[in-house]
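1. need a structure here:
(2 chains)
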Amino acid sequence: MTTSTPDNNRSGIFVSEPVYLDINKLENEFYRADIEIYGVDHSGPSYEGRIFLNNVKADKDTELNEKNGYVGSYHIFGHGGCVGNLGHCDLIPQRTPYDKRPSQDLRPQYKRITITDSLKQMGKDTNKFNITIVPVLYGEDSHLDLAKEKEIVKFDKIGIITYDS
Amino acid sequence: MTIRKSVRNLSDDELIALRNAFGKMMGISDNRGYDYMAGIHGIPQFKCKHGEAGSVADPNFRLFLPWHRAYLYWFEKYLQDSSGDPPITVPWWDWSSEQSRQHGIPNALSDRVVDGNQNPLFSYHVKLPDWIDLSQFNEQTGCQKPSEYDTHREPSNPHLLPTKHRIQSLLSLKDYGDFSDGLEDIHNSIHGWIGGRCGDMSYVPFSAFDPIFWVHHCMIDRVFWLWQLKPGHNIPLLLYDEVLDPFNLTVRQVINIYELGYDYSSQQILVNGGNM
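-> Coordinates of the predicted model:
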């Protein structure tokens, strides 16, 4: 697991720190591999998050194919900001076991994208993976300026997990 | 038992009855009406369940599908009450069909006017509560939503809709968590596909005001049921006693759609028997 930082040179696009994983040194061959994203924020606009492996230059015009390292997308159904009074959307970090109210609808989400075949293929040649997330807003053209777009993809951690049998 | 059908397979009479039912429900302003039911999902009640994965330690804790099944069931019951026509059911829109991937939203839902009247399946007139503050929404999204407006859509290119193959792949997943996450992701993409930049369907707080919301979720529920029908495909036991707020139902009570009194069929034609 690794933390992720934004690519400050290109607003809105995240490129992770390298994830080091040598699939040739795993004790058993994996039958499944996922990219996991923890703590995904969905309080802003809805968007498609396009995920590329080892293509740090990917952007929203990059073709979605294996050659370009595209491994899949996740889709956020966003809230578009807070519409309530002051504090309405503040997350309560830890509730007590005696607080039986339903959980808050804005708590961060978990996303996973299965990349089994792509990882097996790419892992033959490298043990270093950069994960790029390119946010693409719905609609004909982007209606947000870059400064706002920069705030769309927010999460706590990103990484790769494999499973063997 | 009532039958839910594809919106493209409805007869003219069935479509008229459906429009009349939506129109009547939209005219009721108390807690049996359209505004109240739509307001359970987002503004003002915010009860909807999305993206449960990761919020609870168990990776199979996902209420998205059962919660929306209960919600659609509840909505359909009030739709039947307001129509005075119990056989009325919410139809599904198969966004993965060849017709949809060529032509997009069906005419039944996209015609603005039918016989000189506004089509209640096209739009709904929203009056938001006074306490709703849209300033942050308008700033974050770049949209200009007023506190009173007609819902609208900004659909994308039809060929971007999911393929039949994608749905079939999803149905082959045995693990409930994988299936639920996959279907929810497609669901999210359809919301964005319909709503586009500023349309209601793109945003959780407003989406249920658009009449297409119910038809979209009927398709989601149908795909959920098709998955359930496959051998070995089960909802985890740990979910069974979860309460689906505010519907007075648990997950256990919505697992079997036959116990809720409906089924999915591409077509049902009945004729009178000898005793009629």
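2. and stretch B:241-254, how far out from the chain's middle?
-> 18 Å (CA atoms, centre = their mean, to the nearest Å).
3. what comes into contact with it?
-> The contact list for stretch B:241-254 (CB atoms under 8 Å, 6 or more residues apart in numbering or on different chains) reads A:102, B:40, B:45, B:47, B:49, B:63, B:66-67, B:69-71, B:73-74, B:235, B:239-240, B:259-260. Where you see a C-beta, it was placed from the backbone N, CA and C, and this is true even at glycine.
4. Please flag which of these sit within helices.
-> Those of the contacts of stretch B:241-254 mapping onto helices are B:40, B:66-67, B:69-71, B:73-74, per DSSP state H.
5. Can you list the buried residues in the host helix or strand of B:Asp13?
-> Assigned by DSSP states H and E, B:Asp13 belongs to helix B:12-26. Using 16 or more other CB atoms under 10 Å in any protein chain shown as the burial criterion, the residues of helix B:12-26 that qualify are B:14-15, B:17-26.
6. what mean pLDDT would you report for that helix?
-> For helix B:12-26, mean pLDDT is 95.
7. now stretch A:135-150
-> Mean pLDDT, stretch A:135-150: 69.
8. tally of neighbours for the residue in the stretch 151-276 of chain B positioned nearest to chain A?
-> The stretch 151-276 of chain B approaches chain A most closely through B:Arg197 (3.2 Å), counting by CB to the nearest CB. B:Arg197: 21 surrounding residues under other CB atoms under 10 Å in any protein chain shown.
9. And for the spatially closest residue to it that is not a sequence neighbour, the neighbour number?
-> Of all residues beyond its chain neighbours, the one nearest B:Arg197 is A:Gly139 (3.2 Å), with distances taken as CB to CB, 6 or more residues apart in numbering or on different chains. By other CB under 10 Å, 21 other residues sit near A:Gly139.
10. State whether A:Gly139 is indeed within a strand.
-> No. Assigned with DSSP: H, G, I helix; E, B strand; the rest coil, A:Gly139 falls outside any strand and is coil.
11. measure it to B:Tyr240 for me?
-> Per CB to CB, to the nearest Å, A:Gly139 is found 40 Å from B:Tyr240.
12. which stretches of the chain form strands?
-> No chain specified, so I'll use chain A. A:2-6, A:14-16, A:19-20, A:30-40, A:47-53, A:70-76, A:109-114, A:128-129, A:131-137, A:157-164 (DSSP state E).
13. sorry, should have said chain B
-> B:2-4, B:113-114, B:117-118, B:125-127, B:148-150, B:243-244, B:249-250, B:262-264.
14. Dump those strands to a markdown table, plus mean neighbour count.
-> What follows is these, written out as a markdown table (neighbours: other CB atoms under 10 Å in any protein chain shown):
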| stretch | mean neighbour count |
| --- | --- |
| strand B:2-4 | 17 |
| strand B:113-114 | 12 |
| strand B:117-118 | 12 |
| strand B:125-127 | 14 |
| strand B:148-150 | 13 |
| strand B:243-244 | 18 |
| strand B:249-250 | 18 |
| strand B:262-264 | 18 |
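15. So for A:Val19, which of those strands sits nearest?
-> strand B:243-244 (38.2 Å; CB to CB).
16. Listing partners with orientation, what would you give for the closest one?
-> strand B:249-250 (antiparallel) (DSSP bridges).
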